[in-house]
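Asker: Need a 3D model of the following:
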Amino acid sequence: MRTGRSSWVRCHDMDGLMIIVKSGPEETGRLEVALRLAAAMIGFDEPLTIAFIDDGVRCLHPQAFNDPALHDYLQAAADLAGVHAVKSAKGSGGDLDSALGANLIGMDELVAMMEDYAAVASF
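Answerer: Numbering: from 1, shown residues only. Now for the predicted structure:
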């Protein structure tokens, strides 16, 4: 429903944001934006989840980044919001960083989770 101004009124009870990361660790610009958005959502105490699919799951491998600050951002997001990795994506070479505590889920679970959020952003 649209009001007289340029704002939008929510017609449902969903809140929060799901961030889907499908870009690999070499695309540091996209990942940095995703992690900054996650930090902002956490700062506003909004419901948030981050899911890694396709090439994005490589961001969850140990020493995935040349810039240690990106790993620190990812670790903070994992500690405060939690991260998920689609099971089929795990086969993208290497083990996941156990310190991140990534929850392995299936694509059906990801789709079901998406329904619980007001918005989904993909990077």
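
Asker: and the gap between the most centrally placed residue in the chain and G16?
Answerer: In the chain, the centroid-proximal residue (Cα atoms, centre = their mean) is I50; its distance is 2.2 Å. Relative to G16, I50 is positioned 12 Å away (criterion: Cβ to Cβ, to the nearest Å). Every C-beta, even on glycine, is put in place using the N, C-alpha and C of the backbone.

Asker: Using PDB, list the CA coordinates for the host helix or strand of the residue nearest to the centre of the chain.
Answerer: Secondary structure here is read from DSSP states H and E; on that basis I50 sits in strand 48-52. Extracted in PDB, the C-alpha atoms of strand 48-52 (Å, rounded to 0.1, in the frame of the first residue of the first chain):
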ATOM      1  CA  LEU A  48      19.200 -10.700   9.900                       C
ATOM      2  CA  THR A  49      20.600 -13.900   8.400                       C
ATOM      3  CA  ILE A  50      23.400 -14.300   5.900                       C
ATOM      4  CA  ALA A  51      23.400 -17.200   3.400                       C
ATOM      5  CA  PHE A  52      26.300 -18.200   1.100                       C
END
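
Asker: centre of the chain versus that strand, how much separation?
Answerer: 3 Å (Cα atoms, centre = their mean, to the nearest Å).

Asker: Who are the packing partners of the helix or strand following that strand?
Answerer: Per DSSP H and E, the first helix or strand lying C-terminal to strand 48-52 is helix 68-80. Applying 3 or more Cβ pairs under 8 Å, 6 or more residues apart in numbering; DSSP states H and E, one finds that helix 68-80 makes contact with helix 28-43.

Asker: so where's this structure shaky on pLDDT?
Answerer: Residue ranges of the chain with pLDDT under 70: 1-14, 89-94.

Asker: 90 - rerun?
Answerer: Scanning the chain for pLDDT under 90 picks out 1-16, 43-47, 68, 82, 87-95, 116.

Asker: now the angle from the strand holding I50 to helix 68-80?
Answerer: Angle, strand 48-52 to helix 68-80, by axes from the mean of the first three to the mean of the last three Cα atoms, to 10 degrees: 120 degrees.
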